[in-house]
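*Asks:* Coordinates only, no sequence provided:
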């Protein structure tokens, strides 16, 4: 009884090793399908990623908001908010994607304790549609 069980395990292990070796990239004879000649699912990204920026003033004691839209048909893939002059009293309150008919990025700052004017920048990184 024990011999049959051990024989079954040994045959299973040998079969598994044979299949792994036969289907690996460095086997002498590939047992798997022919070489893939499928078309690319997506055109190359080179030249399709673009950046757009916009700015708006941030007033001391108040707030500032800036949004920027990607070109028509493009998809926003990243974004950023920054200020022209570093000021610990200017705080990013909101940093988010905008979705809808026009995709882009929105930034909102608070400058309640700031004493000087500043400028806020919103940047959207966009993927242009395939040609």
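*Replies:* Yes, it's here. Worth saying up front: this structure is predicted, and the values here are computed from it rather than measured.
*Asks:* List the residues that contact the residue most central in space within the chain.
*Replies:* By CA atoms, centre = their mean, the chain has its centre lying nearest to residue 77, at 5.8 Å. If you count contacts by CB atoms under 8 Å, 6 or more residues apart in numbering, residue 77 has them with 49, 125, 126, 127. Every residue, glycine included, has its C-beta placed from N, CA and C.
*Asks:* Ranking by neighbours, what's the top pick from those?
*Replies:* Most neighbours among these, by other CB atoms under 10 Å: residue 126, with 23 neighbours.
*Asks:* contacting residues for the residue nearest to that residue when sequence neighbours are not counted?
*Replies:* For residue 126, ignoring the flanking residues on the chain, the nearest one in space by CB to CB, 6 or more residues apart in numbering is residue 70 at 3.6 Å. Each residue near residue 70 by CB under 8 Å, 6+ apart is listed here: 50, 52, 76, 102, 103, 104, 124, 126.
*Asks:* coming back round to it: so what strands line up beside the helix or strand the residue nearest to the centre of the chain falls within?
*Replies:* Residue 77 is part of strand 75-83, with elements assigned from DSSP states H and E. Each strand that pairs with strand 75-83, with its direction, by DSSP bridges: strand 118-127 (antiparallel).
*Asks:* So which bits of the partner strand are buried?
*Replies:* 118, 120, 121, 122, 123, 124, 125, 126, 127 (16 or more other CB atoms under 10 Å).
*Asks:* average pLDDT across that strand?
*Replies:* Averaged across strand 118-127, the pLDDT comes to 96.
*Asks:* what's the domain layout of this structure?
*Replies:* 1-38, 49-127 (automatic domain parsing).
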